[in-house]
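K.L.:
Okay, predicted coordinates and the sequence, questions at the end:
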Amino acid sequence: MPARFGVTIPKDVEVFEDEDGDLPEDTMARGPRVTKLAGSTVSWSDLLNRLTGKVPFLLRPAILKSDEAIVAVLGHEMYELAVLREILNEGKTTIEHYIAHTCPDNAGNLHDQAWDHADRLVERMRSGTK
């Protein structure tokens with residue numbers, strides 16, 4: 001369903017429902033956690049699950065009850081991941097830059113831009129345009 005509304009989930013991504021309640025109450029979804037020493041370089045491989053070779057995303061179960069929520073949240077996460085893929089493939093991103101790109105409450109950062117993208121997807125979905 002989401003692909004029909006402009007959300008494409010790459011083959012190297014897996015989405016899981018948060019059945020165990022691991023997500024904080026104010027978090028709708030989360031990609032992989034990346035922890036590194038200050039100044040360390042973050043690479044694409046740091047996002048991959050070591051067993052599957054895929055980027056895992058955890059999704060709050062309530063999101064799955066609304067088509068708009070699915071489009072908004074997955075649209076946000078896949079946008080952010082697509083841009084991160086480009087940034088990380090350049091090979092010079094420090095953990096500090098990675099955190100600055102992905103943390104909430106950092107106006108204008110990649111995380112913020114991803115919500116703007118998600119809003120546009122939902123608007124398009126509501127209007128019935130592709």
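P.N.:
Great, that's in hand.

K.L.:
For the rest of this, base every contact and every neighbour count on C-alpha atoms.
P.N.:
Noted.

K.L.:
Give me the buried positions along stretch 73-85.
P.N.:
Residues Val73, Leu74, Gly75, His76, Glu77, Met78, Tyr79, Glu80, Leu81, Leu84 are the ones in stretch 73-85 that count as buried (16 or more other CA atoms under 10 Å).

K.L.:
how distant is the host helix or strand of the fourth one from the center of its chain?
P.N.:
Spelled out, that is His76. For His76, the host element (DSSP states H and E) is helix 67-89. Averaging C-alpha positions (CA atoms, centre = their mean, to the nearest Å) puts helix 67-89 4 Å from its chain's average.

K.L.:
got JSON lines for the buried residues of stretch 73-85, with pLDDT and distance to Gly108 too?
P.N.:
Shown next, in JSON lines, are the buried residues of stretch 73-85 (pLDDT from 0 to 100; distance: CA to CA, whole Å):
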{"residue": "Val73", "pLDDT": "97", "distance to Gly108": "18"}
{"residue": "Leu74", "pLDDT": "96", "distance to Gly108": "19"}
{"residue": "Gly75", "pLDDT": "96", "distance to Gly108": "17"}
{"residue": "His76", "pLDDT": "97", "distance to Gly108": "14"}
{"residue": "Glu77", "pLDDT": "97", "distance to Gly108": "16"}
{"residue": "Met78", "pLDDT": "97", "distance to Gly108": "17"}
{"residue": "Tyr79", "pLDDT": "97", "distance to Gly108": "14"}
{"residue": "Glu80", "pLDDT": "97", "distance to Gly108": "13"}
{"residue": "Leu81", "pLDDT": "97", "distance to Gly108": "16"}
{"residue": "Leu84", "pLDDT": "96", "distance to Gly108": "15"}
